[in-house]
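Asker: Pasting the sequence and the predicted coordinates here, then a few questions.
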Amino acid sequence: MSTQPKQHYTLEEYFALELASDEKYEFWNGEVFCMSGASLAHNQIARNLGTQLDTQLRKHGCQSFPSDLRIKVPAYPPYRYPDLTALCGTPEIEKLGGLDTLVNPSLIIEVLSPSTEAFDRGDKFTYYKSINSFSEYLLIAQHRPHVSQFVRRENGVWTYREFNDPIDQVQCESVPCVLALSEVYRDVTFESAAQDEEQSKDESLAHERLQ
């Protein structure tokens with residue numbers, strides 16, 4: 001069953017919508033946003049990431065989770081739906097609105113799209129930082145091979161690296177996993193060169209705003 005959202009919700013009405021619907025919704029300041037539906041490339045990348053994470057992490061007693069698992073974000077309540085999350089140790093779960101919500105992710109991964117990239121790089125990243133356990137953020141472009149890696153150091157400073165060569169490998173620092181870009185983008189057909197150039201300009205502007 002799918003329930004269509006109205007224009008304004010109380011938090012209690014939002015929880016009821018989530019419980020009654022097959023869709024995923026996020027809530028902010030009375031507004032509700034449907035999180036279902038994504039491009040073929042987005043789904044291929046998320047699948048490839050999930051495969052790499054699951055294969056490597058299970059050897060170390062760590063776990064990864066797909067976008068259906070909600071995470072608690074204190075600065076952006078009540079919860080969000082990242083594309084993937086991962087952690088080592090025991091998952092800590094709270095019930096929010098009657099639904100399981102993860103409170104201790106270490107790694108959060110978002111697959112970028114033109115409509116959400118600036119938000120994922122800017123405000124959403126700031127909100128995610130309110131999660132005490134959160135220490136690594138990966139942003140995965142879907143229009144070309146490009147991964148942005150943000151890592152929180154012991155002094156609280158976040159460092160930044162980027163990877164854009166198909167032979168590159170991203171060494172995760174919050175969980176024991178190496179992500180090969182050749183596998184991240186397996187089966188993905190990229191957009192035209194003109195579209196790539198426009199997307200690159202947007203990405204540069206978004207990163208400048210983050211700084």
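Answerer: Nice, thanks for sending it over.
Asker: Okay, now the unreliable bits of the chain?
Answerer: Counting by pLDDT under 70, the chain shows low-confidence ranges at 1-6, 192-211.
Asker: Would you map the helices across it?
Answerer: With helices called from DSSP state H, the chain shows them at 11-20, 40-57, 117-121, 123-128, 181-184, 193-210.
Asker: Show me how this structure divides into domains.
Answerer: When the chain is parsed with automatic domain parsing, its domains come out as 1-37, 38-210.
Asker: can you redo the helices of the chain as TSV with distance to residue 74 and mean neighbour count?
Answerer: For every residue, glycine as well, the C-beta is placed using N, CA and C. Listed next are these as TSV, based on distance: least, C-beta to C-beta, whole Å; neighbours: other C-beta atoms under 10 Å:
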stretch	distance to residue 74	mean neighbour count
helix 11-20	15	15
helix 40-57	25	18
helix 117-121	18	20
helix 123-128	8	17
helix 181-184	30	18
helix 193-210	20	14
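Asker: Which among those helices is found nearest to residue 145?
Answerer: Proximity to residue 145 (C-beta to C-beta) singles out helix 181-184 among the helices of the chain, at 5.3 Å.
Asker: Of all the helices of the chain, which one is nearest residue 168?
Answerer: helix 181-184 (4.8 Å).
Asker: could you say what helices and strands the closest one packs with?
Answerer: helix 40-57 (3 or more C-beta pairs under 8 Å, 6 or more residues apart in numbering; DSSP states H and E).
Asker: chain center to the helix it packs on: distance?
Answerer: 12 Å (C-alpha atoms, centre = their mean, to the nearest Å).
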